[in-house]
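*Asks:* sequence? don't have it. structure:
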């Protein structure tokens, strides 16, 4: 149900159930949300602008991510405005704590955009994008206060725009705070203790593939077989070794692709074969004991740029810490090592995803890397589950001390509602 306050109650009445639609579009560019704005960057297409919604800052349960609500809602069949109290969504306010704040108690806006470039990523710690990527917008890292309940970490435009129905009252539903980097397992030579953290949303235009060449309709060197009468046409054989495709079009997966996709290889300082390394850095997250703050792990850029007006004062809104590996069992590695990460650009496909429970990818999909499922300890505060490379590599400034900021533990499957014949 949508709750009143910082939401737009003229569109989403208090206590009414909320629908959703999963959409696809035939388009060249990538779809993304620009948090804290009502407009899209130049050369982007605006789909819609709305308000940012999330869980109440004090609620232990509910969705852990912020969503951008459509301005023309459609409600599920059978909805009512009764108070049923299952999962609850609230509009989101900006909260001030320090030197780079804006629009205290303003109700957060958002806009959904289509970039002309298909690959979209966030470079955490930057104001402008590196590695030839286009900067779509510059923002500050924001999430809940470290003492509240956890939500995801998002890149909010420096404007911190408010939506059309914002009333600046202190509604205290979902909340957003700017973020400081804390010392310990982080790289303090680059990210000083207590300094606010920037972010940049980046895009890149993918390469066009080579078409089929030569007299045959198939790729050169690929067998072309005529379809016998009474049918017509042709079929192509397999692409040469080291190439991928349908036989008509073959792509050299060692150097060139139709599409690219950016992904993070946690627990490594290098990228897999058939990918390009953009940068390596250190893994950051909230403190293992903090109930609030961003619940995701992010890879910090090695060449940080800080927001205008930053300070090294202790403002304590959202807090980021470097992350250590912790040992508990038989597949552990590098206890108390400070976790590395690498941001990579896949050159073999337009999508990178995780197959949970596998060491190699099924369905003919290429394995980028193999890892173990890791997150916080079950007795600590929740964070997302990530796939960490078996190497559990440490970053360049790792010192091996017991810093206990963000923590990662290996994962076991428990019985009950799982499939115990498989796990």
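*Replies:* Thanks, I have it. All values derive from a computational prediction rather than experimental measurement.

*Asks:* Please make it C-alpha for all contacts and neighbour counts, starting now.
*Replies:* Fine.

*Asks:* lowest-confidence helix or strand of the protein?
*Replies:* Between all helices and strands in the chain, the lowest mean by mean pLDDT, DSSP states H and E belongs to strand 250-252, at a mean of 66.

*Asks:* Check which element follows that one along the chain.
*Replies:* Going down the chain from strand 250-252, the next helix or strand is strand 261-266, by DSSP states H and E.

*Asks:* Okay, now the unreliable bits of the chain?
*Replies:* 26-28, 206-217, 227, 229-233, 249, 251-259, 348-350 (pLDDT under 70).

*Asks:* quick one, helices of it?
*Replies:* Read by DSSP state H, the chain holds no helices at all.

*Asks:* Was I right to think residue 237 contacts residue 226?
*Replies:* No: judged on Cα atoms under 8 Å, residue 237 makes no contact with residue 226 at a distance of 11.3 Å.

*Asks:* Nearest residue to residue 64 in space, please, no chain neighbours.
*Replies:* Excluding its sequence neighbours, the residue lying closest to residue 64 (Cα to Cα, 6 or more residues apart in numbering) is residue 151, at 4.5 Å.

*Asks:* List the contacts of the one you found.
*Replies:* 55, 63, 64, 65, 66, 143, 144, 292, 293, 294, 295 (Cα atoms under 8 Å, 6 or more residues apart in numbering).

*Asks:* Residue 237 and residue 226: who's more crowded?
*Replies:* residue 237 (15 against 12; other Cα atoms under 10 Å).

*Asks:* so who does the closest residue to the more buried one other than its chain neighbours touch?
*Replies:* Leaving out its chain neighbours, the residue that sits closest to residue 237 by Cα to Cα, 6+ apart is residue 223, at 5.1 Å. Residue 223 makes contacts with 236, 237, 238, as judged by Cα under 8 Å, 6+ apart.

*Asks:* Quick check: residue 223 vs residue 364, distance?
*Replies:* 22 Å (Cα to Cα, to the nearest Å).

*Asks:* Same question for residue 145.
*Replies:* Applying Cα to Cα to residue 145 and residue 364 gives a distance of 43 Å.

*Asks:* which one of the two has more residues nearby?
*Replies:* Taking other Cα under 10 Å, residue 145 and residue 364 do not tie; residue 145 has more neighbours (26 against 7).

*Asks:* unless I'm mixing things up, the more buried one is touching residue 295, no?
*Replies:* No: in this structure, residue 145 is not within contact of residue 295 by Cα under 8 Å, at 11.4 Å.

*Asks:* Closest one of the contacts of residue 223 to residue 172?
*Replies:* For those, the closest approach to residue 172 (Cα to Cα) belongs to residue 238, at 59.7 Å.

*Asks:* Can you get me a residue count around the closest one?
*Replies:* Neighbour tally, residue 238, other Cα under 10 Å: 18.

*Asks:* Please tell me how far the closest residue to it other than its chain neighbours sits from residue 351.
*Replies:* Among residues not flanking residue 238 along the chain, residue 247 sits closest, at 5.4 Å (Cα to Cα, 6+ apart). Note on residue 247: its distance to residue 351, by Cα to Cα, is 21 Å.

*Asks:* higher neighbour count, those two?
*Replies:* residue 247 (23 against 12).

*Asks:* count of residues packed around residue 423?
*Replies:* Neighbour tally, residue 423, other Cα under 10 Å: 10.

*Asks:* The closest residue to it other than its chain neighbours and residue 354, how far apart?
*Replies:* Leaving out its chain neighbours, the residue that sits closest to residue 423 by Cα to Cα, 6+ apart is residue 413, at 6.6 Å. Using Cα to Cα, residue 413 is found at 17 Å from residue 354.

*Asks:* quick one, which of these two is more surrounded?
*Replies:* Of the pair residue 413 and residue 354, residue 354 is the one with more neighbours under other Cα under 10 Å, namely 13 against 10.
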